[in-house]
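Trainee: Sequence first, predicted model second:
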Amino acid sequence: MNFTKSIAIIALSGLLFASCKDNKAEVKTVTASTEVAAPKVKKEIAAANLQTANFTVEGMTCAIGCAKTIQEELTALDGVQTAKVDFDKKLATVTFDKTVQTPESLTKVVQATGDGKTYKVSNMKS
């Protein structure tokens, strides 16, 4: 009887030991997959190439879901130095490299941020 208990305890210990190793491997995998990539460093824009566009964005319904999302999309573009979208005034101001972006390309990005029908750009002044 003692021999059977000893075998059972050894088997159970081995099983627990093996399963603990598997859990640690899973934790490492999860940890590795949640690492955040380094932010993209933007190139500096020559002052002679800077252009600012101001335009109205219609169709925004909130400051966080709409305005912030549009602002992040514009800021992420190559050649964009700054982008600010004011929900209350429905106004966007974008400073960009005119050799990389155009007012038309900014318009396309804003309108594509929604489903192509939600946001409309008007009164483009550059």
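Mentor: Structure received. Numbering: from 1, shown residues only.
Trainee: How much space separates the residue most central in space within the chain from Lys84?
Mentor: Central residue of the chain (CA atoms, centre = their mean): Glu72, 7.6 Å from the mean position. Glu72 sits 11 Å away from Lys84, going by CB to CB, to the nearest Å. Yep, even glycine has a C-beta here, placed from its N, CA and C like the rest.
Trainee: hmm, back to that, under a three-state scheme, what state does the residue nearest to the centre of the chain occupy?
Mentor: helix (DSSP: H, G, I helix; E, B strand; the rest coil).
Trainee: burial measure for Ala53, as a count.
Mentor: The local packing of Ala53 (other CB atoms under 10 Å) involves 21 other residues.
Trainee: quick one: secondary structure of it?
Mentor: Per three-state DSSP, Ala53 ends up strand.
Trainee: Touching, it and Phe96? I think so.
Mentor: Yes: with contact defined as CB atoms under 8 Å, Ala53 reaches Phe96; the gap is 7.0 Å.
Trainee: what sits in contact with each of the two?
Mentor: Residues within reach of Ala53 and of Phe96 at once, by CB atoms under 8 Å, 6 or more residues apart in numbering, are Leu106.
Trainee: What residues of stretch 116-123 count as buried?
Mentor: Tyr119, Val121 (16 or more other CB atoms under 10 Å).
Trainee: and it, how far out from the chain's middle?
Mentor: Here stretch 116-123 is found 22 Å from its chain centre; the criterion is CA atoms, centre = their mean, to the nearest Å.
Trainee: Which residues are in contact with the closest residue to Lys125 other than its chain neighbours?
Mentor: Leaving aside its chain neighbours, Lys125 sits nearest to Asn54 (4.8 Å; criterion: CB to CB, 6 or more residues apart in numbering). Residues near Asn54 by CB under 8 Å, 6+ apart: Leu91, Ala92, Thr93, Asn123, Met124, Lys125, Ser126.
Trainee: Many thanks, have a good one.
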